[in-house]
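In: here is a sequence together with a model predicted from it:
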Amino acid sequence: MEKSIGRIQNMILIFHIVCFAHLSLVSSHINGFGEQPLSKIDIYKATFEIHEGASIRAKPFVLGLEGEDTQTVTVDVAHPDPSSDDWVGVFSPAKFNASTCLPVNEDDEETPYICSAPIKYKYANHSNPKYTEAGKASLKFELINQRSDFSFALFTGGLSKPKLVAVSNSISFANPDAPVYPRLAQGKSWDEMTITWTSGYNIDEAIPFIEWGPEGGIQLPSPAGTLTFDRNSMCEAYHVMLVHVHLHELLVGVTLVSYTRVSLEIYGLTLYTYRIVHHLRNKSYVHSKNYSFKSSPYPGQDSLQRVVIFGDMGKAERDGSNEYADYQPGSLLTTDQLIKDSENIDIVFHIGDLPYANGYISQWDQFKAQVQQITSKKPYMIASGNHERDWPNSGSFYDTPDSGGECGVPAETMYYVPAENRAKFWYSTDYGMFHFCIADSEHDWREGSEQYKFIDHCLASVDRRKQPWLIFSAHRVLGYSSNSWYGLEGSFEEPMGRESLQKLWQKYKVDVAFYGHVHNYERTCPIYQNQCVTSEKRNYSGTVNGTIHVVVGGGGSHLSDYSEVIPIWIIYRDHDFGFVKLTAFNHSPLLFEYKKSSDGNVYDSFTISRYYRDVLACVHDGCEPTTAAT
């Protein structure tokens, strides 16, 4: 594919290192499926009706002259026959008309069509309420480096029957191929860190590597490898649907599948600095900005350890473009609170539903740019959500179109997780005194399944003498929730959710289980088989008689309603955006805090004080040997 279409090269450094490539900018439109705001634009129906009196002009022509990867652009619009439904779309590559795009109706074979979905859009009257009188407007768009040039197009006729009346000049970043948006993640063991990043250089153009080392020490290079894959890696059902809407020629490749590994010795709680480097074929070098991170504590290490957990964030546009500000109204609130408090956070778990891209691949770039001030400094661990994975007849547990045909491919390759098979998105990871078992609720978790065996082994493998805090997590609510649709089903859970798993939570004495999917917050009592095992609500100590279940899906997407019936096991719930923070001070006390994204204040909290003998204590259905230590 021509370079003008753009490529993503995602580099993964596992101290060991990994590099990936991604072809794409424009994405596709699956009419009527998913909840992607861009799907409201029937772009494949757009026609050319160029108006000689209409104009649109963008400036500055060159962006990022001082190394910026984000910059504001001014777009001046003029139309002699303005209307309230005129809108401006941002396209990349700048030449967005596809000659291979097929018409919807055979009778219109001579009509040129526009297939490329815009990255984002604004109505022309966004900044000037008198646009329909004056016929002029000046709009501000915030652009990020997406490996290709940009142009802006003025449409009339609204979103359902858009008519292109004017196209702007093209603009671009000074180096569109520059490495950007680094993403840290835990490696296969506690002393490995991974770095994934995005760039436009292909392997035949540049050799990618990382320069890194202890702060103030010698910076050593660690090489990376690259591999690309194309649209054939996506859902087969997706291809069928694309043929139906005549967009199959425009679907560009998504990301990567392979990596090379270099083992490097990382010491616990050491500050490292790094930068991404590409050695070009002309012998010159391209460098990223300088970044830093603190390496993970070794399992069982006594130190201050702070974990943030949330789900269902989504993305929003800071320049007010399109409906993201309505559909995912809290995503920037959560993002900005985490950035503000980043010095007091050690690791982040985003448990599913990341950008809600739903097949619009450009939106993954937008999301990566939104969270890069977090991901470049802190390990950012993810789980698979329905909007990452689900698609009919694709092997997912749910036969729904929620991923827009992505089938997990972008998530599995743009973000690293230490899974044995990343298409099966379950994994374990250690952070000091915490042991995390991250399930994939979009694959079968029931007793007898492959994932059930993994969960059993993951929970059993923790040494509670070293790691007293055992955490389970999945995207969908496999435990307890008083969400409205769960309440209507009468089970207050994902169907079949806890039936197989609750025996494992009890047997291995899981402290807390976290879920997203439901867009609000709620916390249960320590519970087993629908019964609270204690009347205490805020200060827990002694034996582990049951697991506390927490829904923390208020990361930013539109909020969910509760059931009118309030179960007896609900301790606290909040219909707002927020996240959870766990703080371990040593091997006994754990502080749990629920914070609102709007102000960062604590609205729900509890403590657990527990010793190793408490974990060994025999409780109902939990008397078998439970840890490696025993």
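Out: Perfect, I can see it now. Residues are numbered from 1 along each chain as shown.

In: beta partners of R275?
Out: Here R275 sits in beta bridges with E211, going by DSSP bridges.

In: ok, it - contacts?
Out: By Cβ atoms under 8 Å, 6 or more residues apart in numbering, the residues touching R275 are 210-212, 287-291. C-beta coordinates here come from the backbone N, C-alpha and C atoms, glycine included.

In: at 7 Å instead, please
Out: Neighbouring residues of R275 by Cβ atoms under 7 Å, 6 or more residues apart in numbering: 211, 287-291.

In: ok, which stretches of the stretch 401-550 of the chain are helices?
Out: Here the stretch 401-550 of the chain has its helices, by DSSP state H, counting those that start in this stretch, at 409-414, 450-460, 484-489, 502-508.

In: filter the contacts of R275 down to the ones in strands?
Out: In this view, the contacts of R275 that belong to strands under DSSP state E are 211, 287, 291.

In: can you tell me how far D576 is from Y201?
Out: Remark: distance between D576 and Y201 (Cβ to Cβ, to the nearest Å) = 43 Å.

In: follow-up on the earlier one: among the contacts of R275, which ones are buried?
Out: The neighbour count (16 or more other Cβ atoms under 10 Å) marks 211, 288, 291 as buried among those.

In: tell me who's in contact with S138.
Out: Counting by Cβ under 7 Å, 6+ apart, S138 makes contact with 74, 76, 127.

In: show me where pLDDT drops low in the stretch 301-450 of the chain?
Out: For the stretch 301-450 of the chain, the stretches flagged by pLDDT under 70 are 323-326.

In: adding distance to H620 and pLDDT, write the contacts of R275 out as a markdown table.
Out: Shown next, in a markdown table, are the contacts of R275 (distance: Cβ to Cβ, whole Å; pLDDT from 0 to 100):
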| residue | distance to H620 | pLDDT |
| --- | --- | --- |
| E211 | 55 | 92 |
| H287 | 59 | 93 |
| S288 | 54 | 92 |
| K289 | 54 | 93 |
| N290 | 54 | 95 |
| Y291 | 49 | 95 |
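
In: now render those residues as TSV, adding distance to K40.
Out: Supplementary listing: those in TSV, determined by distance: Cβ to Cβ, whole Å:
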residue	distance to K40
E211	44
H287	40
S288	36
K289	36
N290	41
Y291	37
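
In: nearest to T524, of the residues you listed?
Out: Nearest to T524 among the contacts of R275: Y291, at 38.8 Å, using Cβ to Cβ.

In: contacts only, for the closest one.
Out: Per Cβ under 7 Å, 6+ apart, neighbours of Y291: 182, 274-275, 376-377.

In: farthest-separated two in those?
Out: Within those, R275 and K377 form the most distant pair, 13.5 Å apart (Cβ to Cβ).

In: residue ranges with poor pLDDT in the protein?
Out: Residues of the chain that meet the cut-off, pLDDT under 70, sit at 1-35, 97-115, 225-266, 323-326, 624-630.

In: from the centroid of it, which residue is nearest?
Out: Computing the C-alpha centroid of the chain and ranking residues by Cα atoms, centre = their mean puts L354 first, at 2.8 Å.

In: that one reaches M381, doesn't it?
Out: No: the criterion here is Cβ atoms under 7 Å, and L354 misses it with M381 at 11.7 Å.

In: gap between the closest residue to S449 other than its chain neighbours and P179?
Out: Leaving out its chain neighbours, the residue that sits closest to S449 by Cβ to Cβ, 6 or more residues apart in numbering is H443, at 7.8 Å. Relative to P179, H443 is positioned 33 Å away (Cβ to Cβ).

In: biggest helix in the protein by residues?
Out: Secondary structure of the chain per DSSP state H: the longest helix is helix 362-375.

In: next secondary structure element downstream of that helix?
Out: Sequence-wise, the next helix or strand downstream of helix 362-375 (DSSP states H and E) is strand 380-382.

In: quick check, distance from whatever helix or strand comes next after that next one to the centre of its chain.
Out: Next helix or strand after strand 380-382 toward the C-terminus (DSSP H and E): helix 386-389. Relative to its chain's centre, helix 386-389 lies at 10 Å (Cα atoms, centre = their mean, to the nearest Å).

In: buried ones in stretch 413-430, by neighbour count?
Out: Buried, per 16+ other Cβ under 10 Å, within stretch 413-430: 413-419, 422, 424-430.

In: quick one: F310 and V550 touch, right?
Out: No: at 10.5 Å, F310 does not count as touching V550 under the criterion of Cβ under 7 Å.
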